[in-house]
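1. predicted model follows, preceded by the sequence.
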Protein chains: 2
Amino acid sequence: MSTLDRPYHHGDLRAALLDAADALLDEGGDGAVSLREAARRAGVSPTAAYRHFADKTALLAALAARHFAQFGQALGGRSFDAMGPAYVRFALERPGRFRLMFGPLLRAAQTDPALQAASAAAFQALRQAAPDEASALRAWAMVHGLAHLLLDGALPGSNDPDAVLARVLPG
Amino acid sequence: MSTLDRPYHHGDLRAALLDAADALLDEGGDGAVSLREAARRAGVSPTAAYRHFADKTALLAALAARHFAQFGQALGGRSFDAMGPAYVRFALERPGRFRLMFGPLLRAAQTDPALQAASAAAFQALRQAAPDEASALRAWAMVHGLAHLLLDGALPGSNDPDAVLARVLPG
DNA sequence: GGCCGGATGTTAGCGATGTCAACATTGGAT
DNA sequence: ATCCAATGTTGACATCGCTAACATCCGGCC
């Protein structure tokens, strides 16, 4: 007694779920991503996601991996000096993604090989552009911290990203 | 028909709820804090918290404010150079608190004056010890970023905090 | 071609959570 | 002593993650 107006099988539910979760992430941040809502947007029953992801964490890990790849690419072509601003800009433009990628999830999903590989690759891009490893680490830490502080509105006074960047970055 | 073996009124539910939430935070991180569980631990009905906090966010904001005060004090007495390691150590020892204090909440609860004041005070401690404002910002960003990266296990290779700190901080 | 098993979705339901509305109890000001 | 506002309670609703049991479909085998 199927009254479905669509094929029983979706075609590429996995990708559709990731896309839906992605939209939720950008709209409302980490907390706004729910399996059920993603399923709803994919036009599928609430539990269909479990055929493609072990649990919610796995879905989020897959999402983060996807973004790490894209993130690494965005950094890739640039000079060392241009990476910092690009890093911060990404965080401010896509806070949800940034928080997902660098958040408790990374630790929680440490067994996910795709995620680990993707995040390592992103660091590689930075490392290769830096003169030495200590500089790479310092720069990464500073830019990462700046991104978080700006994102959280933790900086007193001017929260204008460009102004803060100019004041902080050398050159 | 009251069968309560305790006074109907708690005495200081607000503080008790904060303490309970605090314990939850330290035990299981942000996600593990629930109003209902906090109420349970305070020995009170699930909705009693709403007499003291508008919603969950308000409870968390109050908690964060409390921690900011203590955090500012912990940084207060130190020299500029000693602040960095202290900052990172705090983050690693109390990841839940750290993530709560510097997280989406700060933005979500920007109207909470207590929270804003407390977080501003913490930056003041750092600012006063630094030679100038730009140095303060740079140092803060770097240490903050380092704390996050270590917390998330995002650093490739050695994640030993002391080793990383030694390699990154000047001196 | 027809069967048949694994992959993919579905329905039903459990326990937990945040929140609201309506009601109960209490302590303190008058 | 009385009454009110502060404080707690009960009951309920919608949502969520997740499991179990069942339905449907596609592709490979005879």
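-> Arrived safely, thanks for sending. Residues are numbered from 1 along each chain as shown, chains lettered A, B, ... in the order given.

2. by proximity to chain B, which residue of chain A wins?
-> Among the residues of chain A, A:G145 lies closest to chain B, at 2.8 Å counting by Cβ to the nearest Cβ. Backbone N, C-alpha and C define where each C-beta goes, glycine included.

3. quickly note the distance from that residue to B:D26.
-> When Cβ to Cβ, to the nearest Å is the yardstick, A:G145 and B:D26 sit 23 Å from each other.

4. hang on, the earlier thing: nearest spatial neighbour of the residue of chain A closest to chain B, skipping sequence neighbours?
-> Using Cβ to Cβ, 6 or more residues apart in numbering or on different chains and skipping the chain neighbours, the partner closest in space to A:G145 is B:G145 (2.8 Å).

5. returning to that earlier point: the more surrounded of A:G145 and B:D26?
-> For the pair A:G145 and B:D26, the greater number of neighbours falls to A:G145 (25 against 15), based on other Cβ atoms under 10 Å in any protein chain shown.

6. contact partners of stretch A:87-100?
-> Where contact means Cβ atoms under 8 Å, 6 or more residues apart in numbering or on different chains, the residues beyond stretch A:87-100 that reach it are A:25-30, A:32, A:60, A:63-64, A:67, A:71, A:74-75, A:143-144, A:146-148, A:150-151, A:161, A:165, B:104.

7. check those residues for burial and list the buried ones.
-> Among those, those classed as buried by 16 or more other Cβ atoms under 10 Å in any protein chain shown are A:25, A:29-30, A:60, A:63-64, A:67, A:71, A:74-75, A:143-144, A:146-148, A:150-151, A:161, A:165, B:104.

8. among those, which lie within helices?
-> Within these, residues falling in helices by DSSP state H are A:25, A:60, A:63-64, A:67, A:71, A:74-75, A:143-144, A:146-148, A:150-151, A:161, A:165, B:104.

9. just the CA trace of the helix or strand containing A:R138, in CSV.
-> Of the helices and strands defined by DSSP states H and E, A:R138 is found in helix A:133-152. Coordinates of the C-alpha atoms in helix A:133-152 are reproduced here as CSV (Å, rounded to 0.1, in the frame of the first residue of the first chain):
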residue,chain,number,x,y,z
GLU,A,133,57.9,23.8,11.5
ALA,A,134,58.0,26.1,14.6
SER,A,135,56.9,29.0,12.5
ALA,A,136,54.2,26.9,11.0
LEU,A,137,52.9,26.0,14.4
ARG,A,138,53.1,29.5,15.8
ALA,A,139,51.3,31.0,12.8
TRP,A,140,48.7,28.3,12.9
ALA,A,141,48.1,28.8,16.6
MET,A,142,47.8,32.5,16.3
VAL,A,143,45.5,32.5,13.3
HIS,A,144,43.4,29.8,14.8
GLY,A,145,43.1,31.6,18.1
LEU,A,146,42.2,34.8,16.3
ALA,A,147,39.5,33.1,14.4
HIS,A,148,38.0,31.7,17.6
LEU,A,149,38.1,34.9,19.5
LEU,A,150,36.6,36.9,16.6
LEU,A,151,33.9,34.2,16.1
ASP,A,152,33.0,34.3,19.8
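
10. roughly how far is it from the heart of the chain?
-> Put simply, helix A:133-152 sits 16 Å off its chain's centre (Cα atoms, centre = their mean, to the nearest Å).

11. show me what that helix is packed against.
-> On a contact count with 3 or more Cβ pairs under 8 Å, 6 or more residues apart in numbering or on different chains; DSSP states H and E, helix A:133-152 meets helix A:80-93, helix A:95-101, helix A:113-129, helix A:161-168, helix B:104-108, helix B:133-152, helix B:161-168.

12. any chance of these in a markdown table, plus distance to A:A21?
-> Formatted as a markdown table, the helices and strands packed on helix A:133-152 follow (distance: least, Cβ to Cβ, whole Å):
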| stretch | distance to A:A21 |
| --- | --- |
| helix A:80-93 | 18 |
| helix A:95-101 | 10 |
| helix A:113-129 | 15 |
| helix A:161-168 | 27 |
| helix B:104-108 | 17 |
| helix B:133-152 | 20 |
| helix B:161-168 | 33 |
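
13. can you put those helices in JSON lines and add mean pLDDT and distance to DNA strand D?
-> What follows is the helices and strands packed on helix A:133-152, written out as JSON lines (pLDDT from 0 to 100; distance: least, Cβ to the nearest atom of the strand, whole Å):
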{"stretch": "helix A:80-93", "mean pLDDT": "93", "distance to DNA strand D": "24"}
{"stretch": "helix A:95-101", "mean pLDDT": "95", "distance to DNA strand D": "13"}
{"stretch": "helix A:113-129", "mean pLDDT": "89", "distance to DNA strand D": "17"}
{"stretch": "helix A:161-168", "mean pLDDT": "83", "distance to DNA strand D": "31"}
{"stretch": "helix B:104-108", "mean pLDDT": "86", "distance to DNA strand D": "17"}
{"stretch": "helix B:133-152", "mean pLDDT": "93", "distance to DNA strand D": "20"}
{"stretch": "helix B:161-168", "mean pLDDT": "84", "distance to DNA strand D": "30"}
